[in-house]
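Chemist: Sequence first, predicted coordinates after that:
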There are 2 protein chains.
Amino acid sequence: MSKLITRSGSNFTESFRPSSRTSKTPVSVTRDILKVIDSPNVISFAGGLPDDSLFPVQELTEIFQRSALQKGPKLFQYADTQGHPDLRAWIAERYYHGSSPEEIIITSASQQALDLVSRYFIEEGSNIILERPSYLGAIQVFSSYSPNFLGVDYDPEEGPNTEQLEHILRTSAQKPKFFYCIPDFQNPSGGSYSSKVREKLSEISSSYGLPLLEDTAYRELSFNGNIPISLYDLDPERTVSIGTFSKTLSPGLRVGWIRAPKPMIQDLIVQKQSMDLHSPTIGQELVFQFVSSSKYEAHLSKIRDVYKRKALHTSKCLQDTFGSSIPFRVPNGGLFFWLEFPKSIDTDVLFRKSLQAGLATVPGSAFYIGEPVRNHLRWNFSNASEEETEKGIKRLFDIYSSL
Amino acid sequence: MSKLITRSGSNFTESFRPSSRTSKTPVSVTRDILKVIDSPNVISFAGGLPDDSLFPVQELTEIFQRSALQKGPKLFQYADTQGHPDLRAWIAERYYHGSSPEEIIITSASQQALDLVSRYFIEEGSNIILERPSYLGAIQVFSSYSPNFLGVDYDPEEGPNTEQLEHILRTSAQKPKFFYCIPDFQNPSGGSYSSKVREKLSEISSSYGLPLLEDTAYRELSFNGNIPISLYDLDPERTVSIGTFSKTLSPGLRVGWIRAPKPMIQDLIVQKQSMDLHSPTIGQELVFQFVSSSKYEAHLSKIRDVYKRKALHTSKCLQDTFGSSIPFRVPNGGLFFWLEFPKSIDTDVLFRKSLQAGLATVPGSAFYIGEPVRNHLRWNFSNASEEETEKGIKRLFDIYSSL
């Protein structure tokens, strides 16, 4: 009898009792926007999508054929958790002077790298430090581990406010686990840390024994070739550096990495074992064969040129349309403009009205831990065509003017 | 000064303070064994490795070419978190009568499916029920979420002891979150649940509102074509079913899935977003194009035939070498023999001595939550050649005889 009653009731809520984690993980705004932007009338400047006409599809197809022929079934068998040894060696040599392939673990792009690092460091209530604004995908995954977020103001021209950082470190009762930094062409603001701030951060990290979690996702996308010294180079022992091939080669392949001191890598390998055994072999092979070929540098030059041109074009359209009514920086790299509206404008409202009018962007509030600043909009310039950009900016201006 | 002192000390342990999770996640024995088996003199029967000569490398290469040509750059762009819509439709239709593609989420093979399910259900201290023995990869990932493990004895001829299960459900102060089941050709024992046990489980699940987590990894590998009714078919509302293409097609592609009631899938999508945004597009496309082609059934027949032949050959070698000194079941599917030694034999010792003599297996103790049973050995028969199998079994007998 009790059986019949149970069967007829709301079985799901009676039987399925999810962990508190499920209610603590915020839905990512951009992923939700990605779902609507396939509608025919929507122009999107929302996601951090690379221009897919730049993907070397033909070369990747040839690599697949060649590797399948040379390596055969091993490419499709279980593989080592730490990842493709040649790819790890290539990453160590290119990005981490003085490091070894043993200090690298391959991940399913930088989102999994962030998850792995969260698993390694965060307990419920652990203090972690982020800049304000910061990358929303990082905020999402960190949130699922229920940390205590501590914010440091961020200036796109300089970087994080190091005085605030030191104040936190001097005064917080529980020592923070790490400071999550995006030093180059930050998502969302497009800004980069000055050399002075980089050095100061390294000094603080050393004095307080604070690990720096350096996200290098946009580092290769410098329009003028100037890349300031990395946090890793300033202090290899206290920096955990994560990277990805999503912006330079292909996001769909989902290949990224973590460089960390060896004892941490050993722990990360065990965590990754438990998460997915290893990342797919074929994606790692495609990436390795392409980036280690003579074609990679030319490919990078090409995407830097295209993105620089698109950034300048976006800047021109903004200037022509908005005049001096909203200030913006023209980024020197990366994929984003960070548009600042008058304080009286709530960009959550602007975002919703835009979306109704077939224009997708991301409201600035999505990028803040703590109290959000509400008058920015993140504008991706890498994916849309020049024509769409012109049209999109005019559409934005119309909606803005009608508020 | 304090800075200089910090720099000269043990920077790592001072600065890096990992979460308690890192010490709670056991290292997987098989993954560690996988690292040594590349040595020239080691014959391995340890991993659950498919016979890689059966991977359809040529067909997958052709699919890559064709899909790259037809779908172009979209194959390498960011994609939907829930996964390849056509692949989800195929899985729903083939395995889950009456379900829809919205009830499926694609994962990076079944290990990530287990991680996702853990994230969804397990809080520190949550009761979860496993059979004894159970799959060691599941024990590993569950452990990283610090649950309270409850064990139910398992008989390879019948399945889990349903009286013990009911006793647990009647008496445990805190209701268990789920019962993790491997109904078909279990890893490690090779056994399957009887129809009676399946029905009884469904009854218990319904009476107590207990979700069943059904792992179908080996379900397609039935040597005689007999596949008993799935737990999903008996009770779709309370069953969460996970599956993988690792054993039927290729483990290196890392493609698997979860079928669950829609509200749970919605939560799983958010969790997966935070974990890795989505699984690689190309692997999902390769799998979909192959399994939906006319070649898949012939491929399945072929691997079933080869594994049946290898199982019978392994059985013959065991019989010829060990006579009646150790009892074993000849499996009707899956990838494993579960060898039972006399109670006086500690298979941890047998395992270590074997490894020194160049023979890799997995000791039974690795598969138990709680107090391990110590006189079994898991023997994989799918990967080695017939010649290696003969040699390996003789080697095992010699070491066993010398104990």
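Modeler: Good, I have the coordinates.
Chemist: Which strands or helices does the helix or strand harbouring residue A:264 pack on?
Modeler: Element membership for residue A:264, per DSSP states H and E: helix A:262-276. Here helix A:262-276 is seen to pack against strand A:104-107, helix A:109-121, helix B:21-24, helix B:109-121, helix B:136-143 when contacts are counted using 3 or more CB pairs under 8 Å, 6 or more residues apart in numbering or on different chains; DSSP states H and E. (C-beta placed from N, C-alpha, C; glycine too.)
Chemist: now the last one against helix B:109-121, angle please.
Modeler: It stands for helix B:136-143. Inter-element angle recorded for helix B:136-143 and helix B:109-121: 30 degrees (by axes from the mean of the first three to the mean of the last three CA atoms, to 10 degrees).
Chemist: Tell me the spacing between the closest residue to chain B within the stretch 301-403 of chain A and residue A:23.
Modeler: Ranked by CB to the nearest CB, the top residue of the stretch 301-403 of chain A for proximity to chain B is residue A:383, at 9.1 Å. Distance, residue A:383 to residue A:23, using CB to CB, to the nearest Å: 32 Å.
Chemist: neighbour-wise, which of the two wins?
Modeler: In terms of neighbours (other CB atoms under 10 Å in any protein chain shown), residue A:383 is the more surrounded of residue A:383 and residue A:23; the figures are 23 against 10.
Chemist: Not counting its neighbours along the chain, what's nearest the more buried one?
Modeler: If the residues on either side of it in the chain are set aside, residue A:383 comes closest to residue A:49, at 4.1 Å by CB to CB, 6 or more residues apart in numbering or on different chains.
Chemist: Out of the helices and strands packed on helix A:262-276, which gets nearest to residue A:366?
Modeler: Among these, helix A:109-121 comes nearest to residue A:366, with 15.8 Å by CB to CB.
Chemist: check contacts around residue A:205.
Modeler: A:179, A:211-212, A:231, A:235, A:238-239, B:15 (CB atoms under 8 Å, 6 or more residues apart in numbering or on different chains).
Chemist: So which of these sits lowest on pLDDT?
Modeler: Lowest pLDDT of the contacts of residue A:205: residue B:15, 84.
Chemist: That one and residue A:209 touch, don't they?
Modeler: Yes - the pair residue B:15 / residue A:209 is scored as a contact, 4.1 Å apart, by CB atoms under 8 Å.
Chemist: what about these two, which has more around it?
Modeler: Set residue B:15 next to residue A:209 and count neighbours by other CB under 10 Å: residue B:15 wins out with 23 against 18.
Chemist: Could you report the separation of the more buried one from residue A:179?
Modeler: 11 Å.
Chemist: With residue A:274 instead?
Modeler: Distance from residue A:274 to residue A:179, by CB to CB: 27 Å.
Chemist: Next: residue A:144.
Modeler: Distance from residue A:144 to residue A:179, by CB to CB: 19 Å.
Chemist: between those two, who's got more neighbours?
Modeler: Here residue A:144 and residue A:179 are compared on neighbour count by other CB under 10 Å; more neighbours surround residue A:179, at 25 against 22.
Chemist: Beta-bridge partners for the more buried one, please?
Modeler: Judged by DSSP bridges, the bridge partners of residue A:179 are residue A:129, residue A:212.
Chemist: From residue A:262, how far out is it?
Modeler: Taken as CB to CB, the span from residue A:179 to residue A:262 is 22 Å.
Chemist: sorry, back to before: doesn't residue B:79 make contact with the residue nearest to residue A:383?
Modeler: No - using CB under 8 Å, residue A:49 is not in contact with residue B:79, being 10.8 Å away.
Chemist: Give me the more crowded residue out of those two.
Modeler: Taking other CB under 10 Å, residue A:49 and residue B:79 do not tie; residue B:79 has more neighbours (24 against 21).
Chemist: Contact partners for residue A:160?
Modeler: Applying CB under 8 Å, 6+ apart, the residues near residue A:160 are A:131, A:152-154, A:179, A:181, A:193, A:197, A:201.
Chemist: cool, and residue A:364?
Modeler: A:133, A:188, A:338, A:347, A:372-378.
Chemist: try residue A:286
Modeler: A:60, A:63-64, A:67, A:253.
Chemist: Which pLDDT value goes with it?
Modeler: 98.
Chemist: quick one: which helix or strand includes it?
Modeler: Residue A:286 belongs to helix A:281-291, assigned by DSSP H and E.
Chemist: Can you name the element that comes right after that helix?
Modeler: helix A:295-322.
Chemist: For that next one, name the packing helices and strands.
Modeler: Using 3+ CB pairs under 8 Å, 6+ apart: helix A:295-322 touches strand A:336-340, helix A:386-402.
Chemist: Now do the last one: which elements does it pack against?
Modeler: Using 3+ CB pairs under 8 Å, 6+ apart as the contact criterion, the neighbours of helix A:386-402 among helices and strands are strand A:43-44, helix A:295-322, helix A:347-356, strand A:359-360.
Chemist: Reformat the ones you listed as CSV; add distance to residue B:175 and mean pLDDT.
Modeler: Output for the helices and strands packed on helix A:386-402, formatted as CSV (distance: least, CB to CB, whole Å; pLDDT from 0 to 100):
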stretch, distance to residue B:175, mean pLDDT
strand A:43-44, 45, 91
helix A:295-322, 54, 97
helix A:347-356, 40, 94
strand A:359-360, 43, 94
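Chemist: partners of the residue nearest to residue A:164 when sequence neighbours are not counted in the sheet?
Modeler: Once flanking residues are discounted, residue A:164 sits nearest to residue A:152: 4.8 Å by CB to CB, 6+ apart. With DSSP bridges applied, residue A:152 shows beta-bridge pairing to residue A:131.
Chemist: Spit out the contact partners of residue A:152.
Modeler: Residues in contact with residue A:152 (CB under 8 Å, 6+ apart) are A:129-132, A:160-161, A:164-165, A:168, A:179.
Chemist: okay, and the helix or strand of chain A with the least pLDDT?
Modeler: Using mean pLDDT, DSSP states H and E, helix A:2-8 stands out as the lowest-scoring helix or strand of chain A, at a mean of 38.
Chemist: next one: the next helix or strand after that one to chain centre, how far?
Modeler: Later in the chain than helix A:2-8, the nearest helix or strand by DSSP H and E is helix A:11-15. Offset of helix A:11-15 from its chain centre (CA atoms, centre = their mean, to the nearest Å): 37 Å.
Chemist: cool, and stretch A:224-234?
Modeler: For stretch A:224-234 - counting by CA atoms, centre = their mean - the centre lies 18 Å from the chain centre.
Chemist: returning to what we had before: buried set for the helix holding residue A:264?
Modeler: Buried residues in helix A:262-276, counted by 16 or more other CB atoms under 10 Å in any protein chain shown: A:264-265, A:267-276.
Chemist: now the angle between helix B:262-276 and that helix, please.
Modeler: 150 degrees.
Chemist: Just the C-alphas of helix A:262-276, formatted as PDB.
Modeler: In PDB, the C-alpha atoms belonging to helix A:262-276 read as follows (Å, rounded to 0.1, in the frame of the first residue of the first chain):
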ATOM      1  CA  LYS A 262      55.500  19.200  -8.600                       C
ATOM      2  CA  PRO A 263      53.900  18.200  -5.200                       C
ATOM      3  CA  MET A 264      50.700  20.000  -6.200                       C
ATOM      4  CA  ILE A 265      50.800  18.400  -9.600                       C
ATOM      5  CA  GLN A 266      51.000  15.000  -8.000                       C
ATOM      6  CA  ASP A 267      47.800  15.800  -6.000                       C
ATOM      7  CA  LEU A 268      46.100  17.200  -9.100                       C
ATOM      8  CA  ILE A 269      46.800  14.000 -11.000                       C
ATOM      9  CA  VAL A 270      44.900  12.000  -8.300                       C
ATOM     10  CA  GLN A 271      42.000  14.500  -8.500                       C
ATOM     11  CA  LYS A 272      41.900  14.400 -12.300                       C
ATOM     12  CA  GLN A 273      41.900  10.500 -12.200                       C
ATOM     13  CA  SER A 274      38.800  10.600 -10.100                       C
ATOM     14  CA  MET A 275      37.200  13.300 -12.300                       C
ATOM     15  CA  ASP A 276      37.600  11.800 -15.800                       C
END
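Chemist: and for it, what are the contacting residues?
Modeler: Helix A:262-276 has contacts (CB under 8 Å, 6+ apart) with A:81-82, A:102-105, A:107-108, A:112, A:115-117, A:119-120, A:240, A:258, A:260, A:278, B:12, B:16, B:18, B:21-22, B:25-28, B:31, B:108-109, B:111-112, B:115, B:137, B:140-141, B:143-144, B:254, B:275.
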